[in-house]
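**Student:** Turn this into a model:
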Amino acid sequence: MAPYLDLVFDIPAKERFTYRNFSEDPSPGKGKNQAAFGKRAMAPFGKRELLGYIVAERAEAPPGMEPRAIREIRRVVDAEPVFGEEDLALAAWISGYYLCSLGEALAAMIPSGRRFMSYPSLYQEGDIAPSPPELSGEQLRALEALCAGLPESPAGSEGPKPGGSFPMFYLYGITGSGKTEVFLRAAQEYIRQGKSVIYLVPEIALTHQAAQAIASRFGPLAATVHSGMSPGARLSQWMRARRGELRIVAGPRSAVFSPLRNLGLIIIDEEHDGSYKSGNTPRYHARQTAMRRCAASGAALLMGSATPSAEAWKLMGDGLITRLNLSRRLAGGEPPKVRTVSLEGTQGCLTPELKEEILQTARMGRQTILFLNRRGFAYFYHCPACGFELTCKHCSVSLTWHKGKGRAVCHYCGYSEAPPRSCPNCGSLEAGFRGFGTEMIEEEVRRTFPGLTVRRVDADSMGKKGDLEETLGLFRSGAVDILLGTQMVAKGLNFPGVRLVGVILADTGLHLPDFRAAERTFSLLVQVAGRAGRYFPDGKVIIQTLRMGDPVIEKSAALDVEGFFRAEIAQRKTLGFPPFTRLIRFNFRSRDPERADKAAARLAALAGPLLPPGADMLGPAECPIGIIAGNHRRHLILRGPAMGPLHGAASTALIRYDKGKDSRVYVETDVDPVNLL
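**Tutor:** The predicted model follows:
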């Protein structure tokens, strides 16, 4: 038993902390686990006791440290190690690349459960089930390319070597073209050859769908992990993967860390989705992390989407990712007929054209999806007499009227208040809430179509565990005529009865001051349009807009992915934004705006002289959303043609900044940000 242990903690401190091991051997009678590398331990830290990760064992105290002054750990949490050398190496890479501490990286990777739970399998015992019906010619060609590096493949290749280059594939196909089946067949073949597979999906709803598909193929060899599970349940699945009991793990972003043995393939479904990027420190991206894991293990990376990210599209064009095409729907459907309709002058939220199509769809015994990416009843309060707008007391955003709650709510910090009866500024009775959200749409739809069954899917209506699965199940069975919702209904879901998709307002995302606004809007519109007509050749989509003629709306209506990216990539190149440059963004938050300004200016002064040739600096400036939860927000963006030199400048600047930093200003580093709000 080593007398000293090095621990790291989930705090922004880059150093390791040395502790004394137990003064005597722990015994079962004392209820203590043996301390060892890879386990977690509770240890005193200042006046607190924190959960730490044992990253090294020492025979002697570090040089310069008095052994008697070294504090002793309190207790060891785990009976067996929860991470190993490979996990630690990945955590070290995350720490270095995303400019966070090693403890923060390990905390993001390892489920926080304190004990393993008995988590019943969702799957029937047995071997891998036989595959479903025959593949199309396109699917077969894609599968052959994906498996060409496996030992028994016709190509006879030895496959990629760990630590070197690795194969990257992109399954680019229209919605309903059978991408999921190719993913599953590829996973099946890799597992048959003794490899393990990670299968990433962006949403919990899609996790449930993937779990059902994987259950029928892989039985007890598979597990699904997601944020809806308890920490103990997630830790149990983590340990099953470490022990070699699992061969395929499916789940959203954090599933990329699954410690599977002999990793052979990582699948990223709906690769374009922004939820693959973490919103908290460390702000890792699952795609970048997957690439790192593939390089380290010699695994293959398979991504797929009907609307790739701009970065992936350029890499395909440059030949760095092998593009595999699926061009037709397989279940009898055809790409839907899409029509744009102006909302100008419309009374209410539904144009006559959309109302008529909803009625026609109902007469045919088919179903409708209505999409609006804005929850609540109305999203801003305006006084036409004096121009007053009702904003959050703690954030620089408008309050949203939630009729069901009877409150005006901030969607950023949760603050709410009763709506004013008249303008708080001038007393005008003409003041009131404008715009519309999903609550208002639901009310109008129920009033307009009293004989049809309507269900709403958004963060407000799906508050309880199981609500989403229940609602989607009812819709899939045909018990619901109209499904109304936010982007929860836009991605990856497969409903045979859907004939019509109505986009209530296509313009919401185009107003955002972010260089990815057009890409996100286009992707969302094409994805939601893809829910229509998957099994019948009569699918219809009506896109309502206040921006008739907008190029993004027109390309979306034409389902013209090639045309959109041709224009978007050219514009990004002209403006100097990704994928032609790389970005590192620093966010500064403080209750005191002057402190935030000074901190941002100080880091800018430190970073400026370190910038490599061809790089520049944007800001410092106020963030587009200047205040959230009472914190004033500033940002500074470093931009350059390559990440290596830019990263070095950012890292050095941060080290120098930390030496005299203002403790009342919080700085968050975002490498490769996906939004600039």
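**Student:** and the helix or strand hosting A649, average pLDDT?
**Tutor:** Per DSSP states H and E: A649 is located in helix 643-658. In this model, helix 643-658 has an average pLDDT of 95.
**Student:** after that helix comes which helix or strand?
**Tutor:** Sequence order places strand 666-671 as the next helix or strand after helix 643-658, per DSSP H and E.
**Student:** In terms of secondary structure, what does that next one contact?
**Tutor:** In terms of contacts (3 or more C-beta pairs under 8 Å, 6 or more residues apart in numbering; DSSP states H and E), strand 666-671 is packed against strand 582-590, helix 643-658. Heads up, the C-betas are built off the backbone N, CA and C, glycines and all.
**Student:** how about the strands of the stretch 101-250 of the chain, start to end?
**Tutor:** Assigned by DSSP state E, counting those that start in this stretch, the strands in the stretch 101-250 of the chain fall at 168-173, 196-200, 222-224, 248-251.
**Student:** Each with direction, which strands does the longest one pair with?
**Tutor:** Strand 168-173 has these partner strands in its sheet, going by DSSP bridges: strand 300-305 (parallel), strand 322-326 (parallel).
**Student:** okay, the ones you listed, which one's buried deepest?
**Tutor:** Mean neighbour counts were compared across these using mean count of other C-beta atoms under 10 Å; the top stretch is strand 300-305, at a mean of 26.
**Student:** How far off centre is that strand?
**Tutor:** Its chain's C-alpha centre and that of strand 300-305 lie 16 Å apart, by C-alpha atoms, centre = their mean, to the nearest Å.
**Student:** got any ranges where the stretch 551-677 of the chain has weak pLDDT?
**Tutor:** The stretch 551-677 of the chain contains no residues with pLDDT under 70.
**Student:** Pretty sure V454 sits against I482.
**Tutor:** Yes. At 4.7 Å, V454 and I482 qualify as touching, with contact defined as C-beta atoms under 8 Å.
**Student:** now the most centrally placed residue in the chain, nearest residue through space, not along the chain?
**Tutor:** For the chain, S275 is the residue whose C-alpha lies nearest the centre (C-alpha atoms, centre = their mean; 1.4 Å). Nearest residue to S275, sequence neighbours excluded (C-beta to C-beta, 6 or more residues apart in numbering): P202, at 4.6 Å.
**Student:** Show the pLDDT at that neighbour.
**Tutor:** Residue-level pLDDT assigned to P202 equals 88.
**Student:** burial measure for it, as a count.
**Tutor:** Using other C-beta atoms under 10 Å, P202 has 22 other residues around it.
**Student:** got the residue ranges for the helices in the stretch 201-350 of the chain?
**Tutor:** 204-218, 231-243, 286-297, 310-317 (DSSP state H, counting those that start in this stretch).
**Student:** helices or strands up against the helix or strand of the chain with the lowest mean pLDDT?
**Tutor:** Least confident helix or strand, the chain: helix 204-218 with a mean of 76, by mean pLDDT, DSSP states H and E. Packing partners of helix 204-218 (3+ C-beta pairs under 8 Å, 6+ apart): helix 179-192, strand 222-224, strand 248-251, helix 467-477.
**Student:** Quick one: list the elements packing against the longest one.
**Tutor:** Where contact means 3+ C-beta pairs under 8 Å, 6+ apart, helix 179-192 is packed against helix 137-146, strand 168-173, strand 196-200, helix 204-218, strand 263-269, strand 300-305, strand 322-326.
**Student:** likewise the last one?
**Tutor:** Using 3+ C-beta pairs under 8 Å, 6+ apart as the contact criterion, the neighbours of helix 467-477 among helices and strands are helix 204-218, strand 454-457.
**Student:** Could you check stretch 290-301 and say which residues are buried?
**Tutor:** Of all the residues in stretch 290-301, those buried under the rule 16 or more other C-beta atoms under 10 Å are 290-301.
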